[in-house]
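**Q** Below are the sequence and a predicted model; questions follow.
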Amino acid sequence: EALRERVQAGEHPVSAGFVTPYPPGFPVLVPGQIITAEVLDFMAVLHTREIHGYDARRGYRILQG
């Protein structure tokens, strides 16, 4: 995954929106939050029906800097 490679290379991508797994419905990422390896690891093991704010084809929305 390109985003994980960027994080491992020392970049600090920033979330452009909320990412909320449902259930339980609590945001994992909020706008302006740095996306870390820990966040990506957590998201990779979730077993939820849907994740609002994440597109499986396009990935996470990040701010371009």
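**A** Cool, got the structure. None of these values were measured; they are calculated from a predicted model. Residues are numbered from 1 along each chain as shown.
**Q** Verify the stated contact: residue 46 with residue 21.
**A** Yes. Counting by C-beta atoms under 8 Å, residue 46 touches residue 21, with 5.2 Å between them. In this view, the C-beta of every residue, glycine as well, is placed from N, C-alpha and C.
**Q** higher neighbour count, the two?
**A** residue 21 (20 against 10; other C-beta atoms under 10 Å).
**Q** Can you report how many residues lie near the closest residue to the more buried one other than its chain neighbours?
**A** Leaving aside its sequence neighbours, residue 21 sits nearest to residue 48 (C-beta to C-beta, 6 or more residues apart in numbering; 4.4 Å). Applying other C-beta under 10 Å, we find 13 residues neighbouring residue 48.
**Q** Which residue ranges of this structure form helices?
**A** 2-8, 37-44 (DSSP state H).
**Q** can you list those in CSV and add distance to residue 30 and mean pLDDT?
**A** Output for the helices of the chain, formatted as CSV (distance: least, C-beta to C-beta, whole Å; pLDDT from 0 to 100):
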stretch, distance to residue 30, mean pLDDT
helix 2-8, 17, 96
helix 37-44, 11, 96
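**Q** before we move on, the earlier item: now the residue nearest to residue 21: how far from residue 9?
**A** Per C-beta to C-beta, to the nearest Å, residue 48 is found 29 Å from residue 9.
**Q** same thing with residue 31?
**A** Counting by C-beta to C-beta, the gap from residue 31 to residue 9 is 23 Å.
**Q** With neighbour numbers in mind, choose between those two.
**A** residue 31 (14 against 7).
**Q** wait, what's in contact with residue 43?
**A** By C-beta atoms under 8 Å, 6 or more residues apart in numbering, the residues touching residue 43 are 19, 21, 28, 51, 54.
**Q** Give me the buried subset of those.
**A** Restricting the contacts of residue 43 to buried positions leaves 19, 21, 28, 54, with burial counted as 16 or more other C-beta atoms under 10 Å.
**Q** out of the residues you listed, who's nearest residue 35?
**A** residue 19 (9.1 Å; C-beta to C-beta).
**Q** so what's the closest one scoring on pLDDT?
**A** The predicted structure scores residue 19 at 97 on the pLDDT scale.
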